[in-house]
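Engineer: Predicted model and sequence follow; I will ask about them next.
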Amino acid sequence: MSALEQIKELRSRIGNSIIGQQDVITKILIGLLTDGNILLEGLPGLAKTRAVKSLASNLDCKLSRIQFTPDLLPSDITGTEVYQPQADEKFVFQPGPIFSNLVLADEINRAPAKVQAALLEAMEERQVSVAGKTHKMETLFMVLATQNPVEQEGTYPLPEAQLDRFIMKVEIGYPSNEDELKVMQLVREESKSQAEKIKAIPQQAVFDARAEIAQVQVKPPAEQYIVDLISASRYPDKFSKDLQRWISYGASPRGTIGLDRCSRAVAWLDKRDYVTPDDIRFIVHDVLRHRLILSYEANAEGVGPDKVIDEILKVVSVS
């Protein structure tokens, strides 16, 4: 099987256990294919954790789950050096749960800033420094963090600098009535029978896919479109009076890079070796919604990031 066929098989397998969230599954895979980290936001019970577990069970990889709580310590994530008097080296490093292929950071906003920051080096540099020593992460490494958008008591909102390190923020909504019925039937059948063990998709499929995605072309008009979208978020007064009122700070260069990488992955999944404006529009909300800092006026008017991005798409045209 080709890399594309294996990735589509992986998407199909996850879709068999996650009903009504095909768009979410696709975007999680895009995050994996672009070597990025994903922030999943949705109410409890909407299959955020289940989606990550399903990805791990169908891909030949290790999964670590970290349940974030207010009493968590940075060493609980990164690991620590343990004194062993009988060993030649008296202090031996005991790796924490961050040393895995997929790391599920469950309810990441429940831990204080010091613990959240412990993830930063791993997410950005793919390494962890403990007691003056650097420890490399796995070659296939991805952080998938979840958070509840409604519950605010006892939580610590992620700072903008850390949000910027997630390539996408994917919002998960309620399933339709038809999908809800299928969810109920699926869970009922799972409780009756043991799931058949099937061969996992090898990690090499992901590495091969990344190599092919790197060859996808972004022609000058598409490149300019990406730059113009980012520019509209930084200099809103040049594009629209509404944008000028709504946006305080726009997207960083990470937004430009993320939009380029993700749109190439979208094109590759659609069996194309070039990016179209539709590829960019498909992924732009997920790449930018957590990178925009909105004004007091926007919050007062109930204007959220998605509406702001909709307005940016209206006023920015393809050259």
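Structural biologist: That came through fine.
Engineer: how does this structure divide into domains?
Structural biologist: The record's domain parsing of the chain by automatic domain parsing lists 3-191, 216-315.
Engineer: Can you give me the first-to-last residue distance of the longest one?
Structural biologist: Put plainly, it is domain 3-191. One end of domain 3-191 sits 33 Å from the other (C-alpha to C-alpha, to the nearest Å).
Engineer: Likewise for the last one?
Structural biologist: Start and end residues of domain 216-315 are separated by 27 Å (C-alpha to C-alpha).
Engineer: from the middle of its chain, how far away would it be?
Structural biologist: 17 Å (C-alpha atoms, centre = their mean, to the nearest Å).
Engineer: Listing request: residues of the stretch 1-150 of the chain with sub-threshold pLDDT.
Structural biologist: In the predicted model, the stretch 1-150 of the chain carries pLDDT under 70 at residues 87-89.
Engineer: Now the helix or strand containing H135 - C-alpha only, PDB.
Structural biologist: Using DSSP states H and E, H135 sits in strand 133-136. Extracted in PDB, the C-alpha atoms of strand 133-136 (Å, rounded to 0.1, in the frame of the first residue of the first chain):
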ATOM      1  CA  LYS A 133      21.200  17.100  30.700                       C
ATOM      2  CA  THR A 134      19.200  17.100  27.500                       C
ATOM      3  CA  HIS A 135      17.000  14.100  26.600                       C
ATOM      4  CA  LYS A 136      15.700  13.700  23.000                       C
END
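Engineer: Can you pull the phi/psi pair for the most centrally placed residue in the chain?
Structural biologist: Centroid check for the chain by C-alpha atoms, centre = their mean gives I38 as the closest residue, at 1.1 Å. When read as degrees, to the nearest 10, the backbone of I38 gives phi -120, psi 140.
Engineer: and it, bridged to which residues?
Structural biologist: Taking DSSP bridges as the rule, I38 bridges to L144, M168.
Engineer: who's in contact with it?
Structural biologist: Residues in contact with I38, defined by C-beta atoms under 8 Å, 6 or more residues apart in numbering, are K27, I28, G31, M142, V143, L144, A145, F166, I167, M168, K169, V170. Any C-beta I mention is one placed from the backbone N, CA and C, and that applies to glycine too.
Engineer: closest to D242 among the residues you listed?
Structural biologist: Nearest to D242 among those is K169, at 22.2 Å by C-beta to C-beta.
Engineer: Got phi/psi on the residue nearest to that closest one when sequence neighbours are not counted?
Structural biologist: Nearest non-adjacent residue to K169, counting by C-beta to C-beta, 6 or more residues apart in numbering: H290, 3.8 Å away. Reported as degrees, to the nearest 10, the phi and psi values for H290 are phi -100, psi 0.
Engineer: Report the contact partners of H290.
Structural biologist: L39, L163, D164, F166, K169, P305 are the contacts of H290 under C-beta under 8 Å, 6+ apart.
Engineer: Are any of these buried, and if so which?
Structural biologist: Taking 16 or more other C-beta atoms under 10 Å as the criterion, what is buried in the contacts of H290 is L39, D164, F166, K169, P305.
Engineer: measure the fourth one to Y249 for me?
Structural biologist: Here the distance between K169 and Y249 works out to 16 Å (C-beta to C-beta, to the nearest Å).
Engineer: Please apply the same query to the third one.
Structural biologist: In this view, F166 and Y249 are 17 Å apart by C-beta to C-beta.
Engineer: tally of neighbours for L181?
Structural biologist: The number of residues packed near L181 is 13, by other C-beta atoms under 10 Å.
Engineer: got it, and T146?
Structural biologist: 23.
Engineer: Give me the contacts around the helix or strand hosting it.
Structural biologist: Secondary structure assignment for T146, by DSSP H and E: strand 142-147. With C-beta under 8 Å, 6+ apart as the test, strand 142-147 has contacts from 28, 31-32, 35-42, 48-49, 52, 101-109, 119, 122-123, 155, 158, 166.
Engineer: Keep only those of the residues you listed that are in strands.
Structural biologist: Among the contacts of strand 142-147, the members falling in strands (DSSP state E) are I38, L39, L40, E41, L102, V103, L104, A105, D106.
Engineer: so the fourth one makes contact with G173?
Structural biologist: If I follow you right, that is E41. No - the pair E41 / G173 is not scored as a contact, 10.2 Å apart, by C-beta atoms under 8 Å.
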